[in-house]
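Novice: structure of the sequence below:
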Amino acid sequence: MTEEPQDPRLEVKMAAAGPLMSFLIAAILGGAWYVSQTGRGSVPVTAILGYGALINAVLGVFNLVPAFPLDGGRVFRGSLWKRSGNLISATKTATRISEIFSLLMMFGGFILIIVSDFVDGIWIVVLGWFIKSGAETSLRQTLIGETLSGVTVGDIMTRNVYTISPDITIDQLISDYFLVNRHGGYPVVRDGKILGIVTLQSVRGIPKESRSSAKVEQVIGHAEPMICVKSTLSALDAMHKMARERVGRLLVVENDLLVGIVTRGDLMRTIQARQELGATRQPAIAPQIGLPRDQTMNCMQCGGQVPVGSRFCPQCGARQEKS
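Specialist: Numbering: from 1, shown residues only. Sure, this is the predicted structure:
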């Protein structure tokens, strides 16, 4: 899954579908194997059906292991998420369980390597490492997704965009832009029309002796692709688009006009700042603390109930300003 489900029930259903499909295929192949064996079918066909049924059954059992990010681990996380209403807390708990399980697997694999079976021990160690690294990667992805939740490209883009003419030389581009400003790429614009992007990497490919005569328009085609987005695009979708297209920046265009630019550095700084400040998405429905209405007020950040006079929200920890 490229994106996290937005509902715990949906995650449980999606995760359970994988093992169930494996068991269904195993049952079908197992039935076909039984018919072929009792009917004295071809030995190769019977063997293929039997091995197919066995492999799918083993795969289904393996995926049911409550180790995140396997399907069983996602079912476990979805259950925790549904109970607590906090995706990050549920993911951290599922990740810790997965790390313990993976470490036990790797320890058992090393024992097996030393005692008896080298090949099987190596496979168990590799599987344990796979589960551990997968859980850690999924946790990072979840934290990033929650950190960028509600943030749009328009919130983090650079609005005062430096643009360059396609008619200037590479030497001018280097001396007036790359050596003066911190940006690694600039939109190339002529008469209000965006022609492309020229980057530091594309300029490096121009021989030094040719830079005084070569024009910017000559290197546009050798630079990274020009990808345009709307300012309403979510920051998380922008990050995914950069990864898919293998680009370091996106041009923000509204009504065919360049209104901003967002880079990978903008996204990284936003993620770092919001994580340091704890500015992540809170549960859609904040837990209620059960006090009479006249003794509580609404949290300024998550909307949950806060006892009158409290300085911090008991649900999200946000500081409450005095009214």
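Novice: C-alpha only now, for contacts and for neighbours.
Specialist: Will do.
Novice: ok, residues contacting stretch 212-227?
Specialist: With C-alpha atoms under 8 Å, 6 or more residues apart in numbering as the test, stretch 212-227 has contacts from 165-173, 195-199, 201-203, 245, 247, 249-251.
Novice: among the residues you listed, name the buried ones.
Specialist: The neighbour-count criterion (16 or more other C-alpha atoms under 10 Å) marks 165-166, 169-171, 173, 195-199, 202-203, 247, 249-251 among the contacts of stretch 212-227 as buried.
Novice: quick one: neighbours of Leu267, just the number.
Specialist: Using other C-alpha atoms under 10 Å, Leu267 has 20 neighbouring residues.
Novice: relative to Thr91, how far out is the spatially most central residue of the chain?
Specialist: The residue lying closest to the centre of the chain (C-alpha atoms, centre = their mean) is Gln141, at 3.9 Å. Look at Gln141 and Thr91: by C-alpha to C-alpha, to the nearest Å, they are 10 Å apart.
Novice: how about Pro166?
Specialist: Pro166 is 49 Å from Thr91, by C-alpha to C-alpha.
Novice: same deal with Pro44?
Specialist: Here Pro44 is placed at a distance of 45 Å from Thr91 (C-alpha to C-alpha).
Novice: between the two, which one's more packed in?
Specialist: Neighbour count, other C-alpha under 10 Å: between Pro44 and Thr91, Thr91 has more, with 27 against 9.
Novice: thought the more buried one was touching Val75?
Specialist: No - between Thr91 and Val75 there is no contact under C-alpha atoms under 8 Å: 11.1 Å.
Novice: any idea how far the residue lying closest to Leu64 once chain neighbours are set aside lies from Val253?
Specialist: Ranked by C-alpha to C-alpha, 6 or more residues apart in numbering and with sequence neighbours excluded, the top spatial neighbour of Leu64 is Gly72, at 4.0 Å. Remark: distance between Gly72 and Val253 (C-alpha to C-alpha) = 43 Å.
Novice: more neighbours, those two?
Specialist: Between Gly72 and Val253, Gly72 has the larger neighbour count (other C-alpha under 10 Å), namely 23 against 17.
Novice: if I pick that one, what's in contact with it?
Specialist: Gly72 neighbours (C-alpha under 8 Å, 6+ apart): Ala15, Ala16, Asn63, Leu64, Val65, Pro66.
Novice: from Pro19, how far off is the fourth one?
Specialist: From Leu64 across to Pro19, the span is 7 Å (C-alpha to C-alpha).
Novice: same thing with the third one?
Specialist: Asn63 sits 6 Å away from Pro19, taking C-alpha to C-alpha as the criterion.
Novice: quick revisit: which one of the contacts of Gly72 is nearest to Met105?
Specialist: Using C-alpha to C-alpha, Val65 comes nearest to Met105 of the contacts of Gly72, at 12.1 Å.
Novice: tell me how many other residues crowd the closest one.
Specialist: The local packing of Val65 (other C-alpha under 10 Å) involves 18 other residues.
Novice: look up the pLDDT of it for me, please.
Specialist: Val65 carries a pLDDT value of 85.
Novice: ok, for it, nearest residue in space, not its chain neighbours?
Specialist: Leaving aside its sequence neighbours, Val65 sits nearest to Gly72 (C-alpha to C-alpha, 6+ apart; 5.0 Å).
Novice: which helix or strand contains the one you found?
Specialist: Using DSSP states H and E, Gly72 sits in helix 71-84.
Novice: residues of that helix that come out buried?
Specialist: Neighbour-count burial for helix 71-84 flags Asp71, Gly72, Gly73, Arg74, Val75, Phe76, Arg77, Gly78, Ser79, Leu80, Trp81, Lys82 (criterion: 16+ other C-alpha under 10 Å).
Novice: can you tell me which of those is nearest Lys241?
Specialist: The nearest one, if we look at these relative to Lys241 and count by C-alpha to C-alpha, is Arg74, at 25.2 Å.
Novice: so that closest one sits against Val12, correct?
Specialist: Yes - between Arg74 and Val12 there is a contact under C-alpha under 8 Å: 6.7 Å.
Novice: can you give me the strands in this protein?
Specialist: 185-190, 193-199, 228-229, 249-254, 257-263, 296-298, 305-307 (DSSP state E).
Novice: which residues touch Ile144?
Specialist: So, once contact is read as C-alpha under 8 Å, 6+ apart, Ile144 ends up touching Ile271.
Novice: for it, give me the pLDDT.
Specialist: The model reports Ile144 with a pLDDT of 85.
Novice: same question for the one 4 residues further on.
Specialist: Per-residue confidence for Leu148 comes out at a pLDDT of 85.
Novice: from Thr158, how far off is it?
Specialist: Remark: distance between Leu148 and Thr158 (C-alpha to C-alpha) = 17 Å.
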